[in-house]
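Student: The sequence and its predicted three-dimensional model are supplied below.
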Amino acid sequence: MSPAETLANKVWNYCHVLRNAGLSYGDYLEQLTYLIFLKMAHEYTLPPHKRDFGIPKGFDWPSLTSRKGEELEGHYIKLLQKLGKEEGLLGQIFVKSQNRIQEPVHLASIIEMIDREKWVILESDVKGSIYENLLERNAQDIKSGAGQYFTPRPLIKAMVECVQPEPNRTICDPACGTGGFFLAAYDYLTDSDHCKLNATQRRNLKSKTFYGNEIVSDTRRLCLMNMYLHNIGEVGGNVNVSNTDSLVADPGDRYDYVLTNPPFGKKGSLTVTNEDGKEEKETSSYNRQDFIATTSNKQLNFMQHILTILKSNGQAAIVVPDNVLFEGGAGEKVRQALLEKTDLHTILRLPTGIFYANGVKANVLFFDNKPAAKKPWTKDVWYYDLRTNCHFTLKTKPLTFDDLNDFISCYKPGERQTRRQTWSLKKQDGRWRKFSYKEILNRDKTSLDIFWLKDKSLSDLDNLPDPEELAEDIINNLEAALASFKEISNEIEA
């Protein structure tokens, strides 16, 4: 077991004690964020570092370790309120923070556990791995709902491997969750096999590379801490993760890369109070002049927003649900614009059973933005079908990076001009196949929802998946159907 896993287990095991006291996984992780940050800040004030993080005197780590009982609890509450009013990353980590630990004895135990470890001497990749490990465990807690902010890390890594980001470029995630795409890109850029960074490039990577939005305050807090533990950002520097809704307006900034998995859910809605004092759902849409179509479909709005914020030579890799590939109306307009204005060169059809939100059928779109031209930029769209006859479950058979190696090999990062189909008339079980722009344009509603492999479970009854896999597939499909019915019901009520 690695040092990161050992320490993560130690930190996580204490959570079970607090569960009996009514503390959720998410609340526990939130309190850990505050306390680990303070402990690290204190360690940095000591030799040989002697750094000043601007933490007010009397509200630092020693002020917690020197107190017990109700005195500790009362001081901890005041500390959270005080630090939440500070400037920079410090204030953003603690903004609107609250004490969720009801028993002073439990608070003291967590402080003692954190105090026993030397956090600063751990390499950033070890500290980051510990925190990522805790975030993933939190995502597995279905009751917390945290899974909707957690994209499978093997998938993120594969997307970054395909895009091959370069140093001194900007990377944006307009729905960044806990920062998974930022960290994967950071790991790629700091890997000497990919890049050999000079001092200026390292400084830029720390403060001038990653930009994002996250409107859920607790998730944004986790993202900022996750990035800080991975050596991204400065305590007194600018905070490049905004808490504003990225879809509200064109921010004006343009980025070299957009890597993102926008939130699942088809429609955006607000709860408003009508003239009779009753609450009702109001469908929300964004009337932006830079948008191709006005729609309440969040996924399509994110697609349009990304087309706006991407530089004319920028690259994007985006996770989208199936409806983005086939929906008519605004969906057709957005797809046509995507094919014409960008080089939409690759679509990865993802399997079910890999997301913590059940029943999700998703894809990854890879495209390069291009300057305005009379002719469409897309010539061929290459598809990799990782869904048909592929069975994954979160518990017994989770998606691994090895499962994506064949896709990456077919994608041919950096040398896409040498691609070769694995599908042919003689080999119709090939998962890698291209379709021309003309073929797609002739499809109903310019649909990108294309499959060609035969589902073996419909014909080969002797080689069906394990009963557990079949049961999970059925559950996923039922939950996906239920989610669709809920959306329809909400629209009718609105």
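Tutor: It's in.
Student: In the stretch 301-450 of the chain, what residue spans correspond to strands?
Tutor: Defined through DSSP state E, counting those that start in this stretch, the strands belonging to the stretch 301-450 of the chain, from first to last, are 310-321, 342-349, 362-369, 380-385, 432-436.
Student: buried residues in the shortest one?
Tutor: If I follow you right, that is strand 432-436. Using 16 or more other C-beta atoms under 10 Å as the burial criterion, the residues of strand 432-436 that qualify are Trp432, Arg433, Lys434, Phe435. C-beta here means a position set from N, CA and C on the backbone, and glycine is covered the same way.
Student: if we can go back for a sec, now for the strands of the stretch 301-450 of the chain, which one comes closest to Glu73?
Tutor: Ranking those by distance to Glu73, with C-beta to C-beta as the measure, places strand 310-321 first at 42.2 Å.
Student: Can you give the distance of that closest one from its chain's centre?
Tutor: Relative to its parent chain, strand 310-321 has a centroid offset of 15 Å by C-alpha atoms, centre = their mean, to the nearest Å.
Student: in its sheet, what does it sit against?
Tutor: Each strand paired with strand 310-321, and its direction, by DSSP bridges: strand 255-260 (parallel), strand 362-369 (antiparallel).
Student: out of the ones you listed, deepest packed?
Tutor: Taking mean count of other C-beta atoms under 10 Å as the contact definition, the stretch among the strands paired with strand 310-321 with the greatest mean neighbour count is strand 255-260, which reaches a mean of 24.
Student: Now it - C-alpha only, CSV.
Tutor: Included here for strand 255-260 are C-alpha records, laid out as CSV according to Å, rounded to 0.1, in the frame of the first residue of the first chain:
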residue,chain,number,x,y,z
TYR,A,255,-8.7,29.8,-23.8
ASP,A,256,-6.4,27.4,-25.6
TYR,A,257,-8.1,24.2,-24.2
VAL,A,258,-11.5,23.4,-22.7
LEU,A,259,-11.7,20.1,-20.9
THR,A,260,-15.0,19.6,-19.1
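Student: right, so of the strands paired with strand 310-321, which gets closest to Asp380?
Tutor: strand 362-369 (12.4 Å).
Student: what angle separates that closest one from strand 380-385?
Tutor: If you take axes from the mean of the first three to the mean of the last three C-alpha atoms, to 10 degrees, strand 362-369 sits at 160 degrees to strand 380-385.
Student: coming back round to it: out of the buried residues of strand 432-436, what pair is the most spread apart?
Tutor: Longest distance between any two of these is 11.7 Å, between Trp432 and Phe435; criterion C-beta to C-beta.
Student: Could I get the full set of helices for the stretch 251-400 of the chain?
Tutor: Counting by DSSP state H, counting those that start in this stretch, the stretch 251-400 of the chain forms helices over residues 298-309, 323-326, 330-341, given from the N-terminal end onward.
Student: ok, back up a step: would you convert the strands paired with strand 310-321 into a markdown table that also reports distance to Thr352?
Tutor: As requested, these are exported to a markdown table (distance: least, C-beta to C-beta, whole Å):
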| stretch | distance to Thr352 |
| --- | --- |
| strand 255-260 | 20 |
| strand 362-369 | 9 |
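Student: Out of those strands, which gets nearest to Leu90?
Tutor: That would be, of the strands paired with strand 310-321 and by C-beta to C-beta, strand 255-260, which comes in at 26.3 Å.
Student: okay, the angle between the closest one and helix 298-309?
Tutor: 170 degrees.
Student: which outside residues touch strand 255-260?
Tutor: Outside of strand 255-260, the residues that reach it under the criterion C-beta atoms under 8 Å, 6 or more residues apart in numbering are 156, 159-160, 163, 165-166, 169-176, 181, 184-185, 211, 302, 306, 309-311, 313-319.
Student: pLDDT of it, averaged?
Tutor: What strand 255-260 shows for mean pLDDT is 98.
Student: Would you map the helices across the stretch 101-250 of the chain?
Tutor: Using DSSP H, counting those that start in this stretch, the helices of the stretch 101-250 of the chain run over 104-115, 124-140, 153-163, 180-190, 199-207, 217-229.
Student: nearest to Gln417, of these?
Tutor: Between Gln417 and these, the tightest spacing by C-beta to C-beta is seen for helix 153-163, at 14.8 Å.
Student: list the buried ones in the closest one?
Tutor: If you call a residue buried by 16+ other C-beta under 10 Å, then helix 153-163 has these buried ones: Arg153, Pro154, Leu155, Ile156, Lys157, Ala158, Met159, Val160, Glu161, Cys162, Val163.
Student: Mind putting those into TSV with pLDDT and distance to Lys379?
Tutor: Compiled in TSV, those are given as follows (pLDDT from 0 to 100; distance: C-beta to C-beta, whole Å):
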residue	pLDDT	distance to Lys379
Arg153	90	33
Pro154	93	30
Leu155	96	26
Ile156	96	28
Lys157	95	28
Ala158	97	24
Met159	98	22
Val160	98	25
Glu161	97	24
Cys162	98	18
Val163	98	20
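Student: Now distance to Val360 too, for these, in JSON lines please.
Tutor: Formatted as JSON lines, the buried residues of helix 153-163 follow (distance: C-beta to C-beta, whole Å):
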{"residue": "Arg153", "distance to Val360": "16"}
{"residue": "Pro154", "distance to Val360": "16"}
{"residue": "Leu155", "distance to Val360": "12"}
{"residue": "Ile156", "distance to Val360": "15"}
{"residue": "Lys157", "distance to Val360": "19"}
{"residue": "Ala158", "distance to Val360": "17"}
{"residue": "Met159", "distance to Val360": "16"}
{"residue": "Val160", "distance to Val360": "21"}
{"residue": "Glu161", "distance to Val360": "22"}
{"residue": "Cys162", "distance to Val360": "21"}
{"residue": "Val163", "distance to Val360": "22"}
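Student: what about Pro62, neighbour count?
Tutor: When counting by other C-beta atoms under 10 Å, one arrives at 12 neighbours for Pro62.
Student: hang on, isn't it packed against Ala41?
Tutor: No - Pro62 is not in contact with Ala41 according to C-beta atoms under 8 Å; the separation is 11.1 Å.
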